[in-house]
Structures are given as C-alpha cells and as structure tokens.
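Student: Quick one, fold the following:
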Amino acid sequence: MKTRSFTFLLPQEILLGPGKGKETGKLVSPIGRKAFIVTGKHSARQNGILSEVCSSLTESGILYTVFDDVEPEPSLETVDRGLIKARDENIDMVISLGGGSALDSGKIIAGLLGNGESVRPFFDGATLPSPGKPWIAMPTTAGTGSEMTSNSVLTDYRRKLKKSVRSRFLVARMVIIDPLFTKSMNPFTTAVSGIDALVQAIEAYTSPHGNPVSDVLSLEAVKILWYHLPSAVDTGEQIEYREFVAKGSMMSAMAFANSSSGLAHGFSHIIGPAFSIAHGEACGMLLSHVIRYNAQVMVQKYSVLADALSLSGENEKEKVESFALAWEDVMRKVRLRTRLREFGVSEEMLAGVIREDNIGKNILDNPRPFSREGMVDFLKEVV
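Tutor: A predicted model of the protein is given here:
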C-alpha cells in the first residue's frame, strides 16, 4: 500500500496546565525583553487575567505595551493600528491574550512586523515573504483553535468580506494554555467555544486533507469533548471539567490545523455574519445537516466516529443517522439552538446570502459537490 506524504506543523513549544499563566514572564523571557500584548476591549482586563500576566512579565523584567482595541470580529483597520503601535514600540515579541479574535489579531500583527505597512495586500492574496516577530498565544477560551493554526481570520467591513490570511510564518513560537483562564467564561461562551472545538475535531477526521497523525488526535479530541463539554457548561466552576475541555480543544486544534475544516465551518462563515449568530453555535447548528448531506461519500468515517462514541446501529447507514441524532442531542445538552428560525431567519432571507466572494475553500473542497442553488437549498434545510 502506497504511503501518502504529508506535512505536520505545530508551535515550537506547547505548555498546558493550571497556573501556567502565572509563569508567563519566566516562560517567555528567553524570547525577548519587550512584549506587545494584544487583547480584547474588556474581558481579560475585567476578569483579572491581564493583570496576572502583566505582573508575571514585570517580575521577570520584561517591559510590555498593551493593545486592547480588538473587537469580536477583528477588522483590517484594527490590525493596522496594532501594527503601527507595535512597530513604534520596537518590540521583541507579540503575546495574544484572549479568544479567537485576540489570537488572530496578535498572530497577524506579529507576522507583519518587518513585512509590510498594512495587512490589506495580504488579505487580498499577497504572500508573507519572511518570518515576522515571535508570536506567543495564550487562549482564554477553549475552542477556536487559533493558537495552533497558521491562518488569521479577519473581516473587511467595507466589502462585507471575512476570510483568512495564511502563512507558515504565522505558526506560534509558544502556546501557553492555562485552564484556569477559562473559568471566567459563562455557560454560553463555554458552550459555543467548546462546540466549535468539537466540530473542528469531527471535520478534521473527515477532512480529505487529513493524515494518520491528525486522525489519531481528532478521534481522541472528539471523545474527550463529547463526554466532558456538557459538564463544563453545567458546572464550570469545577476545574477538572475545564481541564478536559482545554485538553480536547488543544488536540482538536492540532488536528484541524494540519488537515482542514469542512462544510459546517464554511457555511458558518456565511450565515454567522449575515444573521449575527455566534460562530460556534452556527457550526453546531449546521453539523447534523452536514453529516446527512455527506453520508453517501463519508459513510465509513462517520461510522468510525459513531463506534468511537458507542452509538447504536446495525450497519454503517444506521450508525451515521445515529451520529447525526446524537449530535443534535449534544447541542440541546449545552443549550444551543439547532434551527435558523430560532434566530428569526426565514427561507426567503437566504436568497442572497451566497455570493461568489464568500464561498470558502472548505465548501468548494467538499467531497460531495454543490451547485450554487444546492448551497441555498442546503441552508433552507437548516431553517
């Protein structure tokens, strides 16, 4: 049997454990003496995480500047402002502290330093010519996976366009995962970020770009998140469940960063911004429909997932349907919505939502092809 070649990229260092955040200064001190911290407008400051990280840097003699202008869907303008500030401060490293938006913003700012005056050419397809500054990722949610990926998801609000800037130079120099940082997440945020991670793991396993290493990681991530995410949503104060979800999210991110996401993520990037639906909730809402749509071309992969979760079924077809039904049950357990109509979206509102410029590669690469009309019909099934 011919062995297919593949490349597997990971950050140079990955550290996971309760209390790692308090060691930030010691951990990053070999990298440089001046840090640029990229974070959101409120959360990290209000819950004390930013103060904890800054204190640790100070104790290790590391100077820092805080850039806390990042919005939930980071814009090109925000990235450019951060880039100018980081360049003016002559920093040695960029530390992202927060959820996916802070991670994506800090990642691209680090990559751009020394490579350009603005993110816009790279958003439009230009290639980063060389490594920028070292990027350290410190996620405060467990789900986006941006700490492991080589892409930054940004939004051009003037063109109403959301897409990724991709480069191997965007892989993190260091990832610090402290499950204690996720304790401040409310049940809804815990649910949407965890469901995002779980969908990523499932789609990594069924990806046409997967490999033996990503398959092992994604299967284990699915089992961990499937069984422990509902408990983290219900009893988030128990660090044991936070640790399980952080570990599952980490493994999921390792897997999909080296394979690809799929239809659920592709369509969520369309309906999420269009109808103000949280990304993780949109992914979760779509997944059971993706499973059923792709069943005829992915029956074996879905059947393996069903077996890994001890789901019932006399044959592969029954196991796939059992998997789809069980997924809808997981969504209900974490109290997320499963239909577009629950957001006030009707079939008529979907007519103009699919455009040439928002059909992502993960939709175009789907093993079962779509026509443009088929994409709209698919979304109508979710109403």
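
Student: who touches residue 176 in this structure?
Tutor: 15, 20, 21, 23, 24, 27, 136, 137, 138 (C-beta atoms under 8 Å, 6 or more residues apart in numbering). The way it works is simple: take the backbone N, C-alpha and C, and place the C-beta from them, glycine included.

Student: cutoff 10 Å now
Tutor: 13-17, 20-21, 23-24, 27-28, 53, 95, 97, 136-139, 147 (C-beta atoms under 10 Å, 6 or more residues apart in numbering).

Student: same check, this time on residue 206
Tutor: Contacts of residue 206 (C-beta under 10 Å, 6+ apart): 215, 218, 259-260, 262-263, 290-291, 294, 297-298, 300-302, 304-305, 367.

Student: same thing but 6 Å
Tutor: 298, 301 (C-beta atoms under 6 Å, 6 or more residues apart in numbering).

Student: Please enumerate the helices of the stretch 51-200 of the chain.
Tutor: Secondary structure of the stretch 51-200 of the chain (DSSP state H, counting those that start in this stretch): helices at 76-89, 100-112, 120-123, 187-205.

Student: mind giving me the domain ranges of this protein?
Tutor: 13-182, 186-382 (automatic domain parsing).

Student: Save those domains as CSV, and put in mean pLDDT and distance to residue 7 too.
Tutor: Listed next are the domains of the chain as CSV, based on pLDDT from 0 to 100; distance: least, C-beta to C-beta, whole Å:
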stretch, mean pLDDT, distance to residue 7
domain 13-182, 95, 9
domain 186-382, 95, 8
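
Student: export these to JSON lines and tack on distance to residue 4?
Tutor: Listed next are the domains of the chain as JSON lines, based on distance: least, C-beta to C-beta, whole Å:
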{"stretch": "domain 13-182", "distance to residue 4": "20"}
{"stretch": "domain 186-382", "distance to residue 4": "7"}
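
Student: Ok, which of these comes nearest residue 6?
Tutor: domain 186-382 (4.0 Å; C-beta to C-beta).

Student: Between the two ends of the closest one, what distance do you get?
Tutor: With C-alpha to C-alpha, to the nearest Å as the measure, domain 186-382 spans 27 Å from end to end.

Student: Show me how far that domain is from its chain's centre.
Tutor: Offset of domain 186-382 from its chain centre (C-alpha atoms, centre = their mean, to the nearest Å): 12 Å.

Student: Stretch 143-161 now?
Tutor: Worked out by C-alpha atoms, centre = their mean, stretch 143-161 lies 9 Å from the chain centre.

Student: Show residues contacting that stretch.
Tutor: 73-76, 100, 103-104, 107-108, 137, 139, 162, 164-166, 168, 170-171, 175, 193-194, 196-197, 200, 249, 253-254, 257, 357.

Student: One more: stretch 328-345?
Tutor: Stretch 328-345 has contacts (C-beta under 6 Å, 6+ apart) with 191, 230, 233, 275, 277, 281, 284, 285, 288, 382, 383.

Student: Restricted to buried residues, select those residues in PyMOL.
Tutor: Entered in PyMOL, the line below selects the buried ones among the contacts of stretch 328-345, by 16 or more other C-beta atoms under 10 Å:
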select buried, resi 191+230+233+277+281+284+285+288+382
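
Student: and the longest helix seen in the chain with helix 187-205, angle?
Tutor: Ranked by residue count under DSSP state H, the longest helix found in the chain is helix 279-308. Here helix 279-308 runs at an angle of 50 degrees relative to helix 187-205 (axes from the mean of the first three to the mean of the last three C-alpha atoms, to 10 degrees).

Student: Any chance you could give me the next helix or strand after helix 279-308 in PDB, C-alpha atoms only?
Tutor: Heading C-terminal from helix 279-308, the first helix or strand you meet, by DSSP states H and E, is helix 316-333. Extracted in PDB, the C-alpha atoms of helix 316-333 (Å, rounded to 0.1, in the frame of the first residue of the first chain):
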ATOM      1  CA  GLU A 316     -23.000   1.900   8.600                       C
ATOM      2  CA  LYS A 317     -26.000   3.800   7.300                       C
ATOM      3  CA  GLU A 318     -27.900   3.400  10.600                       C
ATOM      4  CA  LYS A 319     -24.700   4.400  12.500                       C
ATOM      5  CA  VAL A 320     -24.500   7.700  10.500                       C
ATOM      6  CA  GLU A 321     -28.000   8.600  11.300                       C
ATOM      7  CA  SER A 322     -27.500   7.700  15.000                       C
ATOM      8  CA  PHE A 323     -24.400  10.000  14.900                       C
ATOM      9  CA  ALA A 324     -26.500  12.900  13.500                       C
ATOM     10  CA  LEU A 325     -29.300  12.400  16.100                       C
ATOM     11  CA  ALA A 326     -26.700  12.200  18.900                       C
ATOM     12  CA  TRP A 327     -25.100  15.400  17.700                       C
ATOM     13  CA  GLU A 328     -28.500  17.200  18.000                       C
ATOM     14  CA  ASP A 329     -28.800  15.800  21.500                       C
ATOM     15  CA  VAL A 330     -25.400  17.200  22.400                       C
ATOM     16  CA  MET A 331     -26.500  20.700  21.100                       C
ATOM     17  CA  ARG A 332     -29.500  20.500  23.400                       C
ATOM     18  CA  LYS A 333     -27.400  19.400  26.400                       C
END
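
Student: I'd like the next helix or strand past helix 316-333.
Tutor: Next along from helix 316-333, by DSSP H and E: helix 361-364.
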